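Undergrad: 3D model of this:
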Amino acid sequence: MKSFRKNSKAKECITLLILALLVVLPLFGLGHEGAFGRNFYPGKRIVISIADQTIYFLEDDILVKAHLCSTGKDSTPTPTGVFSVTSHMPYQPSGNVILYHLLWFHPNYAMHSLLYDPKTQTWKGADTLGRKASHGCVRQANHDAEWAYNWVPDGTRVDIIEQHFELPPPPPEPYTGGHCAVGVPSPAKTFYFAEGTCRPGFETYLAILNPSGETQEVEVTYMLGDSTTRGQNVVVPPASRYTISVKEFLGEADDQAHDFS
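TA: Numbers count the residues shown, from 1 in each chain. Next up, the predicted model:
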């Protein structure tokens with residue numbers, strides 16, 4: 001099988017790197033694209049939804065925990081936007097009450113516990129969780145505030161949004177079984193690769209990477225087992241991967257016309 005790149009607009013020869021070019025998997029399919037198909041935020045992140053009155057804690061865009069909170073009343077709203085945790089404070093007096101496990105994300109606002117009244121030795125605010133009730137800070141149940149205080153490092157991103165928060169879809173399940181071999185170690189104009197097949201029970205994929213900053217055209221020539229050839233042209237966007245399912249192009253049959261190199 002021969003594959004090469006052509007682009008009349010390119011001033012220089014920017015070649016394509018073809019990764020894992022012959023992947024023959026008995027009875028296992030790898031899927032066409034490895035990307036999640038969505039925006040992905042690595043590391044820890046907090047999302048506070050005013051509509052939900054809920055705080056979501058995510059790591060690598062996977063939900064770790066969610067719990068109710070109380071954001072600011074309409075007259076004293078919690079600011080929306082993108083912030084980050086600037087500091088931890090174990091406790092702080094605020095008027096006649098004491099706040100615990102504060103996570104500051106704004107000069108004037110923090111996530112914290114319920115309100116402790118030292119005169120009556122009681123906690124206030126538990127009955128308002130799930131509703132707007134604060135002066136702009138974000139209240140949590142005491143055990144939730146302590147958990148967040150210990151889980152979140154300084155610098156963690158905090159998104160405060162007005163609308164309902166849609167949880168990111170889970171990542172795809174890891175693939176089990178099969179075999180993957182690197183087709184070539186470096187870019188070039190023309191590649192020749194070993195045999196593949198579209199017979200029943202096998203799946204062959206061509207994974208093509210375009211590392212350049214321009215759209216590239218790729219021509220793939222399949223030299224079939226019956227001594228004929230078939231050609232396929234694909235367009236690969238800049239800095240992108242394109243996966244060809246050979247069986248979708250050549251079809252499936254248990255004969256030499258569906259073996260190729």
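
Undergrad: Where does the prediction get shaky in the stretch 101-250 of the chain?
TA: Of all residues in the stretch 101-250 of the chain, those with pLDDT under 70 make up the ranges 175-184.

Undergrad: Show me the strands in it, by range?
TA: 109-112, 115-117, 122-124, 138-139, 157-161, 190-192, 196-197, 202-210, 216-223, 229-236, 240-245 (DSSP state E, counting those that start in this stretch).

Undergrad: Deepest in the core, which of the ones you listed is it.
TA: Across the strands of the stretch 101-250 of the chain, averaging neighbours per residue (mean count of other C-beta atoms under 10 Å) puts strand 138-139 on top, at a mean of 26. C-beta here means a position set from N, CA and C on the backbone, and glycine is covered the same way.

Undergrad: If you count neighbours, what's buried in the top helix by length along the chain?
TA: Ranked by residue count and defined by DSSP state H, the top helix of the chain is helix 142-151. Buried residues in helix 142-151, counted by 16 or more other C-beta atoms under 10 Å: Asn142, Asp144, Ala145, Trp147, Ala148, Tyr149.

Undergrad: residues contacting Arg199?
TA: Under the criterion of C-beta atoms under 8 Å, 6 or more residues apart in numbering, the neighbours of Arg199 are Glu252, Ala253, Asp254, Asp255, His258, Asp259.

Undergrad: quick one: which of those residues sit in strands?
TA: Asp259 (DSSP state E).

Undergrad: Would you write a ChimeraX line that selects the buried entries of the contacts of Arg199?
TA: Applying 16+ other C-beta under 10 Å to the contacts of Arg199 leaves a buried subset, and the ChimeraX line that selects it is:
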select :258,259
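
Undergrad: circling back: can you add distance to Arg131 and give the buried residues of helix 142-151 back as TSV?
TA: Formatted as TSV, the buried residues of helix 142-151 follow (distance: C-beta to C-beta, whole Å):
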residue	distance to Arg131
Asn142	18
Asp144	16
Ala145	17
Trp147	21
Ala148	19
Tyr149	23
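
Undergrad: quick one: which of these is nearest to Phe57?
TA: Ala148 (6.9 Å; C-beta to C-beta).

Undergrad: Would you agree that closest one is in contact with Phe57?
TA: Yes: assessed by C-beta atoms under 8 Å, Ala148 is found in contact with Phe57 at 6.9 Å.

Undergrad: anything in contact with each of the two?
TA: Joint contacts of Ala148 and Phe57 (C-beta under 8 Å, 6+ apart) are Ile46.

Undergrad: Show the backbone phi and psi for Thr228.
TA: Dihedral angles of Thr228 (phi, psi; degrees, to the nearest 10) stand at phi -100, psi 170.

Undergrad: Nearest residue to it in space, please, no chain neighbours.
TA: Ala257 (7.3 Å; C-beta to C-beta, 6 or more residues apart in numbering).

Undergrad: now do Cys198
TA: His258 (4.1 Å).

Undergrad: Redo the strands of the stretch 101-250 of the chain as TSV? Include distance to Ile50.
TA: Formatted as TSV, the strands of the stretch 101-250 of the chain follow (distance: least, C-beta to C-beta, whole Å):
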stretch	distance to Ile50
strand 109-112	13
strand 115-117	20
strand 122-124	21
strand 138-139	10
strand 157-161	7
strand 190-192	54
strand 196-197	54
strand 202-210	42
strand 216-223	46
strand 229-236	42
strand 240-245	37
